[in-house]
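Participant: Here is my input, please return the structure:
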Amino acid sequence: MKSIRTFLIIIILSAITLIAFIAALHGYRDSMDKAEQLFDSELVDKAQLLSLVFSLENIKSAKPVLLKNEGINSILENNHSLAESKVFAYQIWQGDQLLLRSAHIPETPIAQFKQGFQDINFLNHRWRTYSYYNQPSDRWILTAERMDIRYVLAENIVLETILPVVLMLPVLGFIIWTIVSYGLSPLRHLSQALSNKRADDLTPLSMEKQPVELNQVVTSINDLLHRLKVSFLREKHFASDAAHELRTPISAIKIHLHNLSKIVSSEEHSFAQLESSVERMEHLVEQILNLNRTSPEQYITHFTDVDIYNLAQEIIAREYHQFEKKNLQIELQGEHCPVSGDNFALDVLLQNLLTNACKYTPENGSVLVSVIKEKNNIKLQVQDSGPGVPEEQYERLFDRFYRLNGDRHASGTTGCGLGLAIVKQIVELHNARVTFGRSTFPSGLSVTINFPVEGLQ
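Facilitator: Numbers count the residues shown, from 1 in each chain. Down below sits the predicted model:
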């Protein structure tokens, strides 16, 4: 079901149309019967009228006449049905002699001399006839009307009655649409309120004058939002507090390692492993803190114009010793492009991208950073000549703590799997878009971020 409103309108209109059709069909048949009775009654009245007028004029001629009596002519001319020769016909007989007839019919009897109604064929049409016997004057008055014309007239009368009902259906549909739309407007407002909420907006819904039927729905939604908010805050506080608390013992361990290095040879395998593990733990704690600080639930926006090109220069200069250790060639190309964003968050984003490129690019490899201003966006691209990532694994790179092939990565580089998760959070905060692809080097990964020119919406 795509829409409750559409469903209700279709069902109600269909029911009304079906009922109106059945009522119209029944009314049509009943009205046609009534019209037939009315026309038959009119045929009787015409026969009696002709008998009365003919008696008053006291026509006693034994010869048939064709509308010569001015009194009869005057009455016939004033009666449209009688004057319409193509619809109505009559004869007046006395015995076997025709006293009077319509001009367009033959001189033979148009009906049997038998009191009542008959259906007769003559003049290539079906006629409804009525035979009336005037006993005092011993005369038969035969009246007839064409049945096809009667049906047309009856249908016109009935259709004129039914037509307003049919024409009212669109108006009725509009009224039903308006009523149903108004009745469902609270549900529509609730849907809009939910759709307009941002992913990080867990404030309760506030709807004025909501109907009783939606009270429980809104209450349940607000309870769910409250539980989610409490859960997220508990998670974030735990991660933040744990990371802060871990800093102190890690710093103490590093001091003891420094003191221990004077006693133990730095070439000792276990000592080197211990130093590597401590560095990895320190990196993990810093990444957890960065993840917490850049999350939508905790992030406070203070956007300014940040030159991505200058920021990339600063980070490359700051981290250049890491690239120099592996004899990597790093190049920055492009132009100065200001982006509306947070300087700290963008610094974390670029640092994670460059750290990943440095980690997974083998010695004597290359890293290319590009900042290009296009028509509708500013493109930041970081490419390396490392082993690359299979395309089917691109989406999983954003998962927290996910590393390709786990800790047994082909590069032998250790990590915590949070770098690209942090990148994705920062990208979403800036209303940007991140994609992966193959680098322009013979092998390697390309990470492209498109910032909208207008900045955050």
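Participant: name the helices or strands packed onto the helix or strand encompassing Gln192?
Facilitator: Using DSSP states H and E, Gln192 sits within helix 147-195. Using 3 or more Cβ pairs under 8 Å, 6 or more residues apart in numbering; DSSP states H and E, the elements in contact with helix 147-195 are helix 4-57, strand 125-134, helix 212-260. Using the backbone N, CA and C atoms, a C-beta is placed for each residue, glycine as well.
Participant: Columns distance to Glu160, mean pLDDT and mean neighbour count on top of these, output as a markdown table?
Facilitator: Output for these, formatted as a markdown table (distance: least, Cβ to Cβ, whole Å; pLDDT from 0 to 100; neighbours: other Cβ atoms under 10 Å):
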| stretch | distance to Glu160 | mean pLDDT | mean neighbour count |
| --- | --- | --- | --- |
| helix 4-57 | 10 | 80 | 15 |
| strand 125-134 | 22 | 89 | 19 |
| helix 212-260 | 44 | 76 | 13 |
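Participant: Domain boundaries for the protein, per the record?
Facilitator: Domain segmentation of the chain under automatic domain parsing yields 4-158, 197-299, 301-452.
Participant: looking at those, which is buried most?
Facilitator: domain 301-452 (a mean of 17; mean count of other Cβ atoms under 10 Å).
Participant: Quick check: mean pLDDT of the helix holding Gln192?
Facilitator: In this model, helix 147-195 has an average pLDDT of 80.
Participant: and that helix, how far from the chain's centre?
Facilitator: For helix 147-195, the separation from the chain centroid amounts to 23 Å (computed by Cα atoms, centre = their mean, to the nearest Å).
Participant: now the angle between helix 212-260 and it, please.
Facilitator: 30 degrees (axes from the mean of the first three to the mean of the last three Cα atoms, to 10 degrees).
Participant: re the thing from before, of all the helices and strands packed on helix 147-195, which one comes closest to Ser443?
Facilitator: Closest of these to Ser443 is helix 212-260, at 35.3 Å (criterion: Cβ to Cβ).
Participant: Which strands or helices does that closest one pack on?
Facilitator: helix 147-195, helix 269-293.
Participant: how far away is the closest residue in space to Leu228 that isn't next to it in sequence from Thr161?
Facilitator: Nearest residue to Leu228 in three dimensions, chain neighbours excluded: Leu202, at 5.6 Å (Cβ to Cβ, 6 or more residues apart in numbering). Distance, Leu202 to Thr161, by Cβ to Cβ, to the nearest Å: 62 Å.
Participant: cool, Glu374 as well?
Facilitator: 69 Å.
Participant: again, but for Val180
Facilitator: In terms of Cβ to Cβ, Val180 sits 29 Å off from Thr161.
Participant: Same drill for the two, tell me which one is more crowded.
Facilitator: The neighbour comparison of Val180 against Thr161 (other Cβ atoms under 10 Å) goes to Val180, with 17 against 13.
Participant: quick one, strands of the stretch 301-450 of the chain?
Facilitator: 304-307, 329-334, 338-341, 366-373, 377-384, 433-438, 445-452 (DSSP state E, counting those that start in this stretch).
Participant: I'd like those laid out as JSON lines, including mean pLDDT and distance to Trp140.
Facilitator: Formatted as JSON lines, the strands of the stretch 301-450 of the chain follow (pLDDT from 0 to 100; distance: least, Cβ to Cβ, whole Å):
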{"stretch": "strand 304-307", "mean pLDDT": "88", "distance to Trp140": "111"}
{"stretch": "strand 329-334", "mean pLDDT": "91", "distance to Trp140": "114"}
{"stretch": "strand 338-341", "mean pLDDT": "88", "distance to Trp140": "105"}
{"stretch": "strand 366-373", "mean pLDDT": "92", "distance to Trp140": "107"}
{"stretch": "strand 377-384", "mean pLDDT": "91", "distance to Trp140": "101"}
{"stretch": "strand 433-438", "mean pLDDT": "90", "distance to Trp140": "99"}
{"stretch": "strand 445-452", "mean pLDDT": "91", "distance to Trp140": "99"}
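Participant: any idea which element Tyr90 lies in?
Facilitator: Going by DSSP H and E, Tyr90 is in strand 88-94.
Participant: Name every strand pairing with that strand and say which way it goes.
Facilitator: Sheet pairing for strand 88-94, assigned by DSSP bridges, gives strand 97-101 (antiparallel), strand 139-146 (antiparallel).
Participant: among these, which is nearest Arg198?
Facilitator: Using Cβ to Cβ, these put strand 139-146 closest to Arg198, at 77.9 Å.
Participant: isn't Val278 right up against His258?
Facilitator: No. If you go by Cβ atoms under 8 Å, Val278 and His258 don't touch, sitting 10.7 Å apart.
Participant: What's the separation between the nearest residue to Ile149 once chain neighbours are set aside and Lys34?
Facilitator: What sits nearest to Ile149 in space, not counting adjacent residues and going by Cβ to Cβ, 6+ apart, is Val87, at 4.9 Å. Note on Val87: its distance to Lys34, by Cβ to Cβ, is 20 Å.
Participant: now Ser340
Facilitator: From Ser340 to Lys34 the distance is 79 Å (Cβ to Cβ).
Participant: same thing with Ser277?
Facilitator: Ser277 is 102 Å from Lys34, by Cβ to Cβ.
Participant: returning to what we had before: quick one: which of the strands paired with strand 88-94 has the weakest pLDDT on average?
Facilitator: Lowest mean pLDDT within the strands paired with strand 88-94: strand 97-101, a mean of 85.
Participant: Adjacent strands (with direction) for the very next helix or strand once past that strand?
Facilitator: The first helix or strand that comes after strand 97-101 along the chain, using DSSP H and E, is strand 116-122. When pairing is defined by DSSP bridges, strand 116-122 lines up against strand 125-134 (antiparallel).
Participant: by how many degrees do the strand it pairs with and helix 4-57 diverge?
Facilitator: Orientation note: strand 125-134 sits at an angle of 50 degrees relative to helix 4-57 (the same axes, to 10 degrees).
Participant: Strand 125-134: how far from the chain's middle?
Facilitator: Centroid displacement of strand 125-134 relative to its chain, using Cα atoms, centre = their mean, is 65 Å.
Participant: can you check stretch 323-341 too?
Facilitator: Worked out by Cα atoms, centre = their mean, stretch 323-341 lies 45 Å from the chain centre.
Participant: Stretch 129-139 too?
Facilitator: 75 Å.
Participant: what's the span of that stretch, first residue to last?
Facilitator: Start-to-end span of stretch 129-139 (Cα to Cα, to the nearest Å) is 16 Å.
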